[in-house]
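**Student:** Sharing a sequence plus its predicted fold:
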Amino acid sequence: MINNWLKIAFINYKKNWLSTLINLFGLTIGLTGFMLILMHWNDEESYERWNPKKDQIYAFQTYNKKENSYGNNISIPIAKRAKEVIPDIKDYVLFKSSGLGFKITTKSKTVFQEGGMNVSDNFFEFFPFKLVDGSSKNTLKDGGVIALSTTAAKNLFGKTNVAGESLKFNNKNFVVTAVYELPKENSQIKPEFLLKPVEPMKNDENQWGNFGYGCFFMLGKDADPVIVQQKIVKDVFEYRAKINAGGSGITPQKYLELYGPNDCLLTPLDKIKLHAKASWFGNPDFKTLMILFTLSVLIVILSAINFINLKTAQASQRAKEIGVRKAIGSTKLSLVLQFLLETFLICLASYFLALASTEILLPSFNKFYDKEMVMNDWHIYFYSFAMVLVVTLISGLIPATYLSNFKAIETLKGNFARSKHGVWLRNGILTLQLIISSFFIIGGWIVSQQVKYMMNKDLGFSGKQIMMINFSEENPKPWLKYERLKNEMRKIQGVTDISYGEAVPGNGRSSDSNMDYMDKSIQAQHGSMDYDYLQFINVKLKKGRWLEQNLASDTISNVLVNEAFVRKFGWNDEEALKRVFHPGFDYQKDYHIVGIVKDFNIKNLQTTIEPIVFFHYKETDWKRFDVYNIQLKINPDDIDGTVKRLKTYWQNNVEPGYPFDYYFLDQKFAESFVKYQKQQTLFTILNAMVLVVALLGLFALSSLMIGQKLKDVAIRKTLGASDRTLILGLTKQFLWITLIAVLISIPISYYLMNEWLKDFAYRIDMPVFPFVLSLILLLILTFAVVSVKAYQATKVNLVKYLKYE
C-alpha cells in the first residue's frame, strides 16, 4: 500500500512540477527564516543557564510610578535591611562598577588590563566560577586584594598559578587571592578581574538615597518572588520613607510619591537578558525578538497557504482517481493518510534543504548579530521539525479532508467541476495570503520611514568633528588634569576648540538627583560642564543668558536648565528665570536659573528628553572629582592627521601605557540607530521573502485555475471575444480578491504598526501612503502575474478544445 502511495505521489509531483517546485522553494525559505530566528531566540534565552544557583538568584529593579520608569540600582541600606527583615532573602551581592581598566604593573612587566568589576566580597557565592588557583573563601574580604580570570592572569603574569603574587596600579599594591575560569557558556557577567570597593562601600553603608549599586538577591528555595517584592515595598521602601520624611515635614506616603521608588521587581537570573525591565548588563529587548519570530512564522504560514491552495486547485485532476478508489472500497481515512504522506514528503525535503540553507547563511547571520552560534543544539532540530509536522498537518489535512469528501458517483460522472466549495476554500486562503503580504508592504514602509526620520531629525546639538577622549588613568584631581590639558592641547595643529561636559550625547553615562521647589520635586540629570560646553556643541539658548567665566556667581549657584526641566515643574520661561530651587546634591544652597536652553537629545530617539540642570563642574565640591573626559573640536580639513597627532601626544605625555580611548560624538550617537537599522534590514529581507513566496503561489494557482477554464476561453473566443476581454475576465476574480484582502489588512496593519511606533518618543505620524502603496502595488503585481497566464490562455488551439463539442 505504501509503495503504491509513493508511486502515485511521485507521479503527481512530476505531473505538477511547477507547483511542486514552488512548494519546495516556499517552504524552504520559510523554514530557513524560522530556524535562524529560532537559533537567535534560543541563544538569547541561554544566558546564565550555566549557573547552578540560577533558580534562587533574582535581579533587583525599582519602579517609580510618578515617572513610570524602571531602574536597576539600589542603595546599600535598602539591600541590607531587606536581608535583615525578610526571611526569604538569604543574601545579596552588590555591583559598584563594571568595565574597569587599569595599567597594572607586575614584577616582570606593565600592561593595560580591562574588563574589571567592583563587587561585594560574596560574589563567588552567587557566581561559582571554576577555581584554578587560590581559594574562593574570603577572596575579596579585605581591601588590597584582587581576583583574576585565567585570561587576565596570563596577560599579566604569563601563567595561571599566581595566587599570592603581587601587582600594583593607581599607586596601590594588591595581592592576587584567586584565579578563576570564566564560563564558556553564554553569560553577561564575565569579569576579567574583581575588586571590592572598600572605601566607597564604607562611605555609602548609611546612605539610603545613594542608588549607586546593582544588586542580586539570593532567595530561599521555596520563596515566592512576588511575595518578596511586596515585603520589600512594605518593610523596606516604606521604612525608608518614614526615616527620611520626618526631617522634611511631609508624610511617608507623600515622600514615596515624590521621591520613590514605589515598587520593585525581581527577575530570575537566567531571564534578565531578555525579560528584565532594566538591567546593569544591557537593555533587554524581548519585544523585537518576538516581532521577528512572529514574522518568520508568518512566512511559514504563507508557504503552507500556497500548499493548500495548489492542492485544492489540483482537485479536479484527481477527482476521478478518488472516485475510482472509493468505488473499489478505499476508506476516507486511507485517502487522508495518502494525501498527508504526499504533503509530508514535500515538507521533509524542504526541511533538509532548510537545514543546508541555514548552515550556509549562519556565518552571515552571526556577523549581523555579532554572535558565534552553531547548529549543535537539539532544541533547534526539535522545534523546527515540530514546525514541519505542524505545516504537514495544516497544509495536508485541509486539502486531504476536502479531497477525500468527494462523492464517488458524482466525480465519476464528471460533476465535481460544478461544486463551489473548492472555489470558496481557495479564495478564502488566497485572501489570507494577500492580507499577510499587504501587512508586510505597509509595515516595511513604516519601519523604513521611522528609521529615516530618526536619522534625519534635528537632535538639537552638533557633534560633527567633536572628538571625545576619556580619561583612563585614575587621578586624584581630574579637574586639574583637564584644565592643564585644555591649555596644552590647544597648541596641537588641527585642534580648534576644547571643552568638557558630563552629559555627553550618545555615551550613556548619566547621574541624577531630585530637584525641589516648595512642595514639588522632580528628577533631573546632572550636566556639570565647562562654561562654554553648550555653545561648543551648538545647543541653542531659548531664554536668559549663558554661564560666564568672569561672574563669580556662575561657579557658585547659577545654573542653566533645558525646556524639559521647565515643563516638568509646570512653569513658563519667565517664571523659571525667577525661581530658586534646591537640588538633592546640595540641598542647603539656593540655586538660580539664569538661562533656558532648547531641548537636545543625549540618549536616543526612543526615549523622551529628560530634565537636565547644567552647572560649572566647580560649583559643587564633589562634581569636580567626576571630570572624566576632554572634548576637542577638530579642523575638518585634516581629521586623520589631527587624530594621529593627538594619539601620539596622549600616549607619550598624558597616559602612557593606557589605550587611546576616543570617539567622535556624531558617530557615537549614530550607534543608537544601529538596532533600528538592523530591524529595517531584516524587515526588508522578510518583506522580499513574503512577496516572492506569495507571488509564486499566485502564479502557480492562477496557472492551474486558468488551465481549468481553457474550454470556456475557446468557446468565448469562437463567439468573437477579444483577447483584452478574455484577459480581463480571467484576471478580474484575482483582482477582486486582492482588493478585499488589502481592505481587510489596513485596520490590522494600522493597529500593529501604531503599537510598534509607541516605543518611540519621537515618531512619525501614521502615513497614508503605505496603505495606498500596498493596494496599488498588490493590484499591479496580481494583474502582472495572472495576466501572463491569461494571455497564454487566449492563444489556445480552438480545435483541441472544441473538437468534441
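**Tutor:** Looks like it arrived, so ask away.
**Student:** so Gln525 sits in a helix?
**Tutor:** No: going by DSSP: H, G, I helix; E, B strand; the rest coil, the assignment for Gln525 is strand, not a helix.
**Student:** Run a quick check on it versus Pro611, I expect a contact.
**Tutor:** Yes: using C-beta atoms under 8 Å, Gln525 is in contact with Pro611, at 6.9 Å. C-beta coordinates here come from the backbone N, C-alpha and C atoms, glycine included.
**Student:** Could you list the buried residues of the lengthiest strand in the chain?
**Tutor:** Longest strand in the chain by number of residues, with DSSP state E as the criterion: strand 89-105. For strand 89-105, burial by neighbour count (16 or more other C-beta atoms under 10 Å) applies to 89, 91-98, 100-105.
**Student:** Over to stretch 199-214?
**Tutor:** Neighbour counts over stretch 199-214 (16+ other C-beta under 10 Å) mark 200-201, 204, 208, 210-214 as buried.
**Student:** For it, which outside residues touch it?
**Tutor:** Residues from elsewhere that reach stretch 199-214 (C-beta atoms under 8 Å, 6 or more residues apart in numbering): 59-60, 62, 71-80, 94-96, 118, 120, 143, 240, 243-244, 259, 280, 584.
**Student:** Quick one: distance of that stretch to the chain centre.
**Tutor:** Offset of stretch 199-214 from its chain centre (C-alpha atoms, centre = their mean, to the nearest Å): 32 Å.
**Student:** What strand or helix carries Asp759?
**Tutor:** Remark: Asp759 resides in no helix or strand, with elements defined by DSSP states H and E.
**Student:** so what's the closest residue to it other than its chain neighbours up against?
**Tutor:** Computed as C-beta to C-beta, 6 or more residues apart in numbering, the closest residue to Asp759 that is not its neighbour in sequence is Gln606, at 6.0 Å. Applying C-beta under 8 Å, 6+ apart to Gln606 gives the contacts 759-761.
**Student:** surely Asp573 meets Val566?
**Tutor:** Yes: assessed by C-beta under 8 Å, Asp573 is found in contact with Val566 at 6.5 Å.
**Student:** Now for these two: what residues contact both?
**Tutor:** Ile596.
**Student:** ok, these two, which is more surrounded?
**Tutor:** When Asp573 is set against Val566 and neighbours are counted by other C-beta atoms under 10 Å, the residue ahead is Val566, at 22 against 13.
**Student:** do you know how far the closest residue in space to the more buried one that isn't next to it in sequence is from Asn558?
**Tutor:** Spatially, and ignoring its direct neighbours in sequence, Val566 is nearest to Ala576 (4.6 Å; C-beta to C-beta, 6+ apart). Distance, Ala576 to Asn558, by C-beta to C-beta, to the nearest Å: 13 Å.
**Student:** re the thing from before, confirm the residue nearest to Asp759 sits in a strand?
**Tutor:** No: Gln606 sits outside any strand when classified using three-state DSSP, being coil.
**Student:** Could you pull up phi and psi at it?
**Tutor:** Phi and psi for Gln606, reported as degrees, to the nearest 10, are phi -80, psi -20.
**Student:** try the one 4 residues further on
**Tutor:** Torsion angles at Glu610 (phi, psi; degrees, to the nearest 10) stand at phi -90, psi 160.
**Student:** hang on, the earlier thing: next step: the buried residues of stretch 199-214 restricted to strands.
**Tutor:** Gly214.
**Student:** Determine which two of the buried residues of stretch 199-214 are furthest apart.
**Tutor:** Trp208 and Gly214 (16.9 Å; C-beta to C-beta).
**Student:** re the thing from before, what residues do Ala576 and Asn558 have in common as contacts?
**Tutor:** Ile593.
**Student:** by contact count, what packs against the longest strand of the chain?
**Tutor:** helix 76-85, strand 110-119, helix 123-126, strand 166-169, helix 198-204, strand 214-219 (3 or more C-beta pairs under 8 Å, 6 or more residues apart in numbering; DSSP states H and E).
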